[in-house]
Structures are given as structure tokens and as C-alpha cells.
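**Q** predicted model, plus sequence, below.
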Amino acid sequence: MARIAGVDLPNKAVKIALTYIYGIGRVSAVEICKKTNIDPDVRINTLSADDVAVLRKVIEDEYKVEGRLRTEVALNIKRLMDIGCYRGLRHRKGLPVRGQRTKTNARTRKGKKKTVAGKKK
Amino acid sequence: MARSIKKGPFIEKKLYKRIQESNKTGQKQMIKTYSRCSTIIPEMVGFTISVYNGKTWIPVFVTENLVGHKLGEFSPTRIFRGHTASDKKAGR
């Protein structure tokens, strides 16, 4: 089992396995394969240690993944909250940020339904 | 779709003129504006701009962090004061 950027990759095709890393999707996974000259359809367990090292190097040098990416995203949100703009206020309240309706739905942002007692039918 | 770079950021002409003028004279007094859709540009840093929200003017002190946002983003138009208690409860 290969370990890249602190993530254990499952034994799947390289182009799929790489997407288990936060910050790498299907497109960048194929891109990485092209850069490292590794067949994207070959399985992770069949890779040699050298191949894994090359993959690790490319990902570490050229991509922002896992912890660093997460802190960047968190900082961006924090910036919005600190300057007190509309998007920041929405983040603070945990409501949708991009103008979606909130009369119904918006459950992803608002979380599980909270039933209000005595609400009119 | 994002605005074409060729056009540059949108700023209401009147507001832009006033900012250029007060930048020349060096005095930064309050500017009242209705133009919520104007982009905040680096020249505006240090100004306090009063942005209309449909009812009152909200003073926005422009710092470097605000550059690139629109004026309206800092002047909320809706105030949520919480839900009213249900009628049933109130009647009891």
C-alpha cells in the first residue's frame, strides 16, 4: 500500500487512487500520471517503490493538497468573516452563501431539521 | 460569467470623480452613495463611504482587505430579528 501526502491509497487504478487525496480530482490525477509517465490504469500495488517516490515528489512540489489546502480554504473563509461582507455573514450564520433559497431546502448548510413546536400547519 | 478584464472594474462615474477629487485635495470626508454595485478600488482605501441599503446609509471604512469587493457587500439590506413566537403560545 502506498502512502502519499499522509493518505493511504487503496489498491485501485492510479487515476482513481490518487483522488483519495484531498485536493486531487480525476483531472489532476490523470495530469499527474502524464507528468510522471505512469500508466493511469495500472493498479497501485503493482507500482514499484520508485514510481511511488516519483508520484510523491510531483504531488508535494506542484500541488496543494491535504493540510495546506484545508488551511488555505479555512483562511479564505476567515477573511470573509473578518471583513464583515455579506458572504462572511452567511458563513457566520451557517446559511447558504451564494443566494440560494432558504425558505425550504438548504439542508446541507443548515444541518439536520430542527422541528419547531407549535408551528402552524 | 465574470466581467471582461478589458473593461476594468465597474465604478460609478460620479463616485469615481469624487474620490479622485478628494484624493487630490487630500481631505477624506464621508461620501454618501447609492452605488452599491461599485467595485472597491485601491484609491478608495482610507475613505469612509456611506452606502445606502434602501433605508439608511451605512458607513463603510475602506481598508486594503476590502479591495475587489463591491460596496453593497458591506451594507446589509435585510435585518433578521428572529422568528415571532407562535400564535398558539401567545394566545394562552
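**A** Noted; the coordinates are in hand.

**Q** need the contact list for B:Leu15.
**A** Residues near B:Leu15 by CB atoms under 8 Å, 6 or more residues apart in numbering or on different chains: B:Ile31, B:Thr33, B:Ser35, B:Ser38. The way it works is simple: take the backbone N, C-alpha and C, and place the C-beta from them, glycine included.

**Q** distance of it relative to B:Phe61?
**A** 16 Å (CB to CB, to the nearest Å).

**Q** of the contacts of B:Leu15 - the most surrounded one?
**A** In terms of neighbours by other CB atoms under 10 Å in any protein chain shown, those top out with B:Ser38 at 23 neighbours.

**Q** so that residue sits against B:Phe10, correct?
**A** Yes. If you go by CB atoms under 8 Å, B:Ser38 and B:Phe10 touch, sitting 6.5 Å apart.

**Q** do a quick rundown of the strands in the chain.
**A** Going with chain A. Counting by DSSP state E, chain A has strands at residues A:3-4, A:7-8.

**Q** you looked at the wrong chain, it should be chain B
**A** Going by DSSP E, chain B shows strands at B:31-33, B:48-52, B:57-61.

**Q** which stretches of the chain aren't confidently modelled?
**A** As the question left the chain open, I've gone with chain A. Within chain A, the stretches with pLDDT under 70 are A:1, A:118-121.

**Q** actually, chain B is the one I wanted.
**A** In chain B, residues with pLDDT under 70: B:85-92.

**Q** find the nearest non-adjacent residue to the residue nearest the centre of it, please.
**A** Centroid check for chain B by CA atoms, centre = their mean gives B:Leu71 as the closest residue, at 2.7 Å. Spatial nearest neighbour of B:Leu71, excluding adjacent residues (CB to CB, 6 or more residues apart in numbering or on different chains): B:Val51 at 4.8 Å.

**Q** the one you found: neighbour count?
**A** The burial count for B:Val51: 22, using other CB under 10 Å.

**Q** ok, and which of the strands of chain B has the densest surroundings?
**A** strand B:48-52 (a mean of 19; mean count of other CB atoms under 10 Å in any protein chain shown).

**Q** and the helices in chain A, which stretches?
**A** Using DSSP state H, the helices assigned to chain A run over residues A:14-17, A:26-36, A:49-62, A:66-83, A:86-93, A:107-110.
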